[in-house]
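# could you look at this predicted model? Sequence included:
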Amino acid sequence: MPRCCSIPPQSRDRRTLRRAAWTAAVLTLAIAGCNGLSHIAPPIDQTMLTSGHSARALELGRDIYLVQCSRCHVAEPVYDYTANEWTAILPDMCDEAKLNNEETQAVTAYIDACFHADKPQ
Ligand code: HEC
């Protein structure tokens, strides 16, 4: 077998390690980035869970809010609008974003939970 094609096992291990290190770095940045967005979309906390929505739905809703809802315009700070204003705006915007039923329910649950949170409104 020509030498160029035989990868010594220890260098393969090193590559796996390097990839793991990168993944960890990227994840850390992503998480730090999301915390930096808390003035736009507050992270899920205990008080929000009193809204009765599952943590899973709320996490999904917040992800959708930060990602899908910032495709056409910046994601607006949730508390720039009242709960009533959201009731009028959100269904249209879920259509705009072409969210499926589960995604629409998740982002609607998330906005609802934001108004159960112990945060300035
Ligand atoms: C396909 C593009 C698009 C996507 C995706 C989108 N929006 Fe919008 N959004 C718009 C446009 C265009 C306007 C301004 C015109 C209007 O109000 O319809 C707007 C306006 C808004 C406003 C201001 C409304 C007002 O009356 O002041 C809010 C709040 C908003 N979007 C939230 C969201 C949320 C939340 C999502 C995700 C569910 C979202 N948008 C996804 C295009 C989009």
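Now that the structure is in, tell me what you want to look at. Residues are numbered from 1 along each chain as shown.
# only C-alpha atoms from now on, for both contacts and neighbour counts.
Noted.
# mind pulling up the pLDDT for His39?
Predicted confidence (pLDDT) for His39: 86.
# ok, stretch 59-79 near the ligand or not?
Yes: figure legend: stretch 59-79 in contact with the ligand (C-alpha under 6 Å from any ligand atom); contacting residues 65, 68-69, 71-72, 76.
# what residues does the protein put near the ligand?
By C-alpha under 6 Å from any ligand atom, the part of the chain that sits against the ligand consists of 65, 68-69, 71-72, 76, 89-90, 93-94, 96-97.
# out of these, which end up buried?
65, 68-69, 94, 97 (16 or more other C-alpha atoms under 10 Å).
# among these, which are located in helices?
Residues of these located in helices (DSSP state H): 65, 94.
# just the buried ones among the residues of the chain next to the ligand now: which is nearest Ala106?
Taking C-alpha to C-alpha as the measure, Ala106 lies nearest Tyr65 of these, at 9.4 Å.
# which SS state does the closest residue to the closest one other than its chain neighbours fall under?
Take Tyr65 and drop its neighbours on the chain: the residue closest to it by C-alpha to C-alpha, 6 or more residues apart in numbering is Val107, 6.4 Å away. Following DSSP: H, G, I helix; E, B strand; the rest coil, the label given to Val107 is helix.
# who's in contact with Val107?
Val107 is in contact with 57-58, 60-62, 64-65, counting by C-alpha atoms under 8 Å, 6 or more residues apart in numbering.
# quick one: pLDDT of it?
If you check Val107, the pLDDT there is 98.
# same check, this time on the one 4 residues further on
Predicted confidence (pLDDT) for Ile111: 97.
# what of the one 3 residues further on?
Reported pLDDT at Cys114 in the predicted model: 95.
# same check, this time on the one 5 residues further on
Per-residue confidence at Lys119 stands at 57 (pLDDT).
# likewise for Asn100?
The model's pLDDT for Asn100 equals 98.
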